[in-house]
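> here are the coordinates; sequence isn't available:
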């Protein structure tokens with residue numbers, strides 16, 4: 001059987017042909033390899049340079065390679081965080097004509113690390129919790145897409161930090177399966193496997209002296225179950241609201257915030273029955289909101305102020321006709337953010353008389369207006385809007401303050 005490369009893109013076979021497929025992966029010469037941290041795997045895995053990019057090469061049986069290749073491509077179409085499948089190489093033989101195992105090729109996820117390399121220096125418990133939160137987000141997103149993992153673990157995950165946010169990516173899909181909808185039993189099995197695997201992996205780190213002494217592997221293994229269950233409930237419960245119930249969307253965002261998650265993306269679909277809202281959660285590091293708000297809008301605010309303003313911006317953006325996350329034809333977030341500052345933030349703040357603002361900065365004024373709107377809307381059972389909020393805020397709050 002001749003060497004055959006099945007690839008997702010025409011340019012990949014040409015760049016991959018230069019790799020030494022007639023040599024067992026474990027014996028590949030250094031000139032082809034790239035020194036990057038590798039996680040634990042039941043298969044031989046190496047990073048190699050192919051053309052202008054770095055790829056991960058895994059030797060695995062042909063049936064498993066083709067199946068995993070297909071699953072990873074399906075996950076890409078479903079927009080679930082996972083490594084990109086590039087090709088499957090079959091028909092490999094050594095210089096004597098003896099058969100070699102086929103190989104699955106994936107694109108190296110730039111900036112990502114396996115968990116063991118992250119624990120080379122003792123990681124703080126708060127950081128470990130954020131990594132587990134990121135893994136809980138990944139597992140929920142997989143289940144919402146109908147993917148049963150079958151072997152959720154730290155070893156089968158890559159972690160990446162980007163501007164203070166933590167994200168987890170599936171790196172090993174060979175035990176998975178995709179269905180239109182998962183049963184509760186399938187989800188619970190995945191979560192139980194995750195609990196056992198994570199506890200065991202943390203115990204292994206503990207035995208090697210790489211785990212913070214205050215971290216209990218069993219309790220942290222259970223933590224992934226608790227975080228998954230909280231997040232699953234919040235993302236899957238009924239979420240269709242009448243058009244006048246914007247405060248109900250704010251309430252959902254606040255509940256996600258209370259759980260320790262932020263909103264990476266929000267989609268609002270209009271229908272005669274109301275607004276169907278879909279949230280994509282994310283895990284962030286301290287100071288993330290300040291940096292994000294400053295980057296998008298130029299507004300310099302404290303962390304809690306920035307979080308509230310970003311939530312309002314995200315909700316507003318989702319109502320705009322040209323808001324299309326991931327669509328190159330849609331408006332860029334920076335453009336929408338500029339429009340929000342021009343059409344929403346500044347006009348609203350200007351309606352508050354300067355003599356009543358005192359020395360309070362504009363970010364704090366808008367933050368207080370958002371909090372006041374929330375309280376009024378909860379009391380009224382509907383969204384009262386910014387105009388009514390400003391009027392009530394001036395009458396009931398500012399005029400009773402010293403100097404008001």
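Alright, I've got the coordinates. Everything numeric here is computed off the predicted structure, so don't read it as measured data.
> tell me which other helices or strands the top helix by length along the chain touches.
Longest helix in the chain, counting residues (DSSP state H): helix 184-207. The elements that helix 184-207 packs onto, with contact taken as 3 or more Cβ pairs under 8 Å, 6 or more residues apart in numbering; DSSP states H and E, are helix 125-144, strand 147-148, helix 217-236. From N, CA and C alone the C-beta is placed, and that goes for glycine too.
> report the angle between the last one and helix 184-207.
What it means is helix 217-236. 150 degrees (axes from the mean of the first three to the mean of the last three Cα atoms, to 10 degrees).
> so which residues of the stretch 251-400 of the chain form helices?
Remark: helices assigned in the stretch 251-400 of the chain by DSSP state H, counting those that start in this stretch are 288-297, 303-318, 333-340, 346-350, 354-357, 362-380, 385-396.
> by contact count, what packs against the fourth one?
Yep, that's helix 346-350 we're talking about. For helix 346-350, the elements it packs on are helix 362-380, judged by 3+ Cβ pairs under 8 Å, 6+ apart.
> let's see 10 Å
Applying 3 or more Cβ pairs under 10 Å, 6 or more residues apart in numbering; DSSP states H and E, we find helix 346-350 packed against helix 362-380, helix 385-396.
> can you list the buried residues in the longest one?
In this case it means helix 362-380. The neighbour-count check on helix 362-380 (16 or more other Cβ atoms under 10 Å) flags 362-363, 365-370, 372-374, 376-377 as buried.
> counting contacts, what elements does it pack onto?
The helices and strands touching helix 362-380, judged by 3+ Cβ pairs under 10 Å, 6+ apart, are helix 246-259, helix 303-318, helix 346-350, helix 354-357, helix 385-396.
> that one to helix 246-259, inter-axis angle?
Taking the same axes, to 10 degrees, one finds helix 362-380 and helix 246-259 inclined to each other by 110 degrees.
> with the last one instead?
Between the axis of helix 385-396 and that of helix 246-259 there is an angle of 80 degrees, by the same axes, to 10 degrees.
> flag every buried residue along helix 385-396.
Using 16+ other Cβ under 10 Å as the test for burial, helix 385-396 gives 386, 389, 390, 392, 393, 394.
> so who does the first one touch?
Applying Cβ atoms under 10 Å, 6 or more residues apart in numbering, we find residue 386 in contact with 312, 344, 347, 348, 351, 366, 369, 370, 372, 373, 393.
> among the buried residues of helix 362-380, which two are most distant?
The largest separation in the buried residues of helix 362-380, counting by Cβ to Cβ, is between 362 and 377 at 22.1 Å.
> spatially nearest residue to residue 150, not counting backbone neighbours?
Distances taken as Cβ to Cβ, 6 or more residues apart in numbering place residue 175 nearest to residue 150, at 3.5 Å, with adjacent residues excluded.
> my reading is that that neighbour lies in a strand. Confirm?
No - judged by DSSP: H, G, I helix; E, B strand; the rest coil, residue 175 forms no part of a strand; its state is coil.
> what about it, how many residues close to it?
Residues lying near residue 175 (other Cβ atoms under 10 Å) number 15.
> got the phi and psi for it?
phi -100, psi 0 (degrees, to the nearest 10).
> and the gap between it and residue 197?
Taking Cβ to Cβ, to the nearest Å as the measure, residue 175 falls 12 Å from residue 197.
> mutual contacts of the two, please.
Common neighbours of residue 175 and residue 197 (Cβ under 10 Å, 6+ apart) are 151, 152, 156.
> quick one on the thing from earlier: rebuild the helices and strands packed on helix 184-207 as a markdown table, extending it with distance to residue 299, mean pLDDT and mean neighbour count.
Formatted as a markdown table, the helices and strands packed on helix 184-207 follow (distance: least, Cβ to Cβ, whole Å; pLDDT from 0 to 100; neighbours: other Cβ atoms under 10 Å):
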| stretch | distance to residue 299 | mean pLDDT | mean neighbour count |
| --- | --- | --- | --- |
| helix 125-144 | 25 | 89 | 21 |
| strand 147-148 | 39 | 96 | 22 |
| helix 217-236 | 28 | 90 | 17 |
